[in-house]
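> sequence isn't available, so here's the structure alone:
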């Protein structure tokens, strides 16, 4: 026994502990609770930091997504509108365009129909004025030709005076027939649906021609000499034609307006 004690005393170092330093059970529990609280606080602080970090990162990610969407919109055809206000306006424009598109189509269709009706009516007025002018020329020359002789004996009697008189009427009537056919037709336009006639206001020259010549005939018929006899018939025809300016000039004015309307809506 003595030997064992000696061995222990030689090889082993013992720490001497003061009993006052040993904590009791209550102290140990308090320390455990305190350490648990500290751990909970550190965990909570770490969670709060993570949330703050995630909240600071999310807006940046959203902004990146928005920027990428805007860039795609710009590349697809909406270039030049990079701001958010412009994009907001673009979002609101489709609804407005959806509302206004039918109205625009209705207005355009109504304008086309109105223009077509006006053009058709003006074309009818043009043709009617040419026909009325030709009728007045024929009626007045037919009623006045007996003054220069009879048609039955004009060829056998070689009545050149009557021939010159009727030659003025024939020239004017042939010109009116040509003008009527000219105004009745129109130039061809080539498109996707094939060829079609386009009304470009033809007939304007006919009214200018009649207006100018009827004034000139009334002013200069008396300058033509009375001999030889064909000149007498020519002077008589121009005198009669110049006397019709009170009837023909208003008809020419109406015809000019109708041709201008046709040209505007062509």
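Structure received. Note that the structure is predicted; figures quoted are calculated from it, not measured.
> contacts and neighbour counts: CA atoms only from here.
Will do.
> which residues of the protein fall in helices?
All helices of the chain, identified by DSSP state H, fall at 2-11, 25-75, 84-144, 151-154, 160-184, 204-220, 229-242, 245-264.
> those: lowest mean pLDDT?
Ranked by mean pLDDT, the helices of the chain end with helix 2-11 at the bottom, a mean of 47.
> count of neighbours near the closest residue in space to residue 258 that isn't next to it in sequence?
The shortest distance from residue 258 to any residue that is not its chain neighbour, by C-alpha to C-alpha, 6 or more residues apart in numbering, is 4.7 Å, and that residue is residue 122. Other residues within reach of residue 122 by the criterion other C-alpha atoms under 10 Å amount to 23.
> same deal with the one 3 residues further on?
Applying the criterion other C-alpha under 10 Å, we find 18 residues in the vicinity of residue 125.
> just give the nearest non-adjacent residue to it, would you?
Taking C-alpha to C-alpha, 6+ apart, and ignoring the residues beside it in sequence, residue 125 has residue 258 as its nearest neighbour in space, at 6.4 Å.
> roughly how far does residue 153 sit from residue 220?
Here residue 153 is placed at a distance of 30 Å from residue 220 (C-alpha to C-alpha, to the nearest Å).
> these two: which is more packed in?
In this comparison of residue 153 against residue 220, neighbours counted by other C-alpha under 10 Å, the higher total goes to residue 220 at 13 against 10.
> now that one: how far from residue 211?
Residue 220 is 15 Å from residue 211, by C-alpha to C-alpha.
> what's the answer for residue 226, then?
For residue 226, the distance to residue 211 under the criterion C-alpha to C-alpha works out to 26 Å.
> what's the answer for residue 37, then?
Taken as C-alpha to C-alpha, the span from residue 37 to residue 211 is 115 Å.
> neighbour count: these two, which is higher?
When residue 37 and residue 211 are compared for neighbours, residue 211 comes out ahead with 18 against 12, by other C-alpha under 10 Å.
> ok, for the more buried one, nearest residue in space, not its chain neighbours?
residue 249 (5.8 Å).
> same deal with residue 169?
Excluding its sequence neighbours, the residue lying closest to residue 169 (C-alpha to C-alpha, 6+ apart) is residue 141, at 6.5 Å.
> residues contacting residue 116?
Neighbour list for residue 116: residue 265 [criterion: C-alpha atoms under 8 Å, 6 or more residues apart in numbering].
> scratch that, residue 205 is what I was asking about
Contacts of residue 205 (C-alpha under 8 Å, 6+ apart): none.
> same thing with residue 214?
When contacts are counted by C-alpha under 8 Å, 6+ apart, residue 214 touches 241, 242, 243, 244, 245, 248.
> any idea how far it lies from residue 250?
In this view, residue 214 and residue 250 are 12 Å apart by C-alpha to C-alpha.
> same check, this time on residue 31
122 Å.
> wait, the residue nearest to residue 258 sits on residue 262?
Yes: counting by C-alpha atoms under 8 Å, residue 262 is a contact partner of residue 122 at 6.1 Å.
> what about residue 260, how many residues nearby?
Residue neighbour count, defined by other C-alpha under 10 Å, stands at 18 for residue 260.
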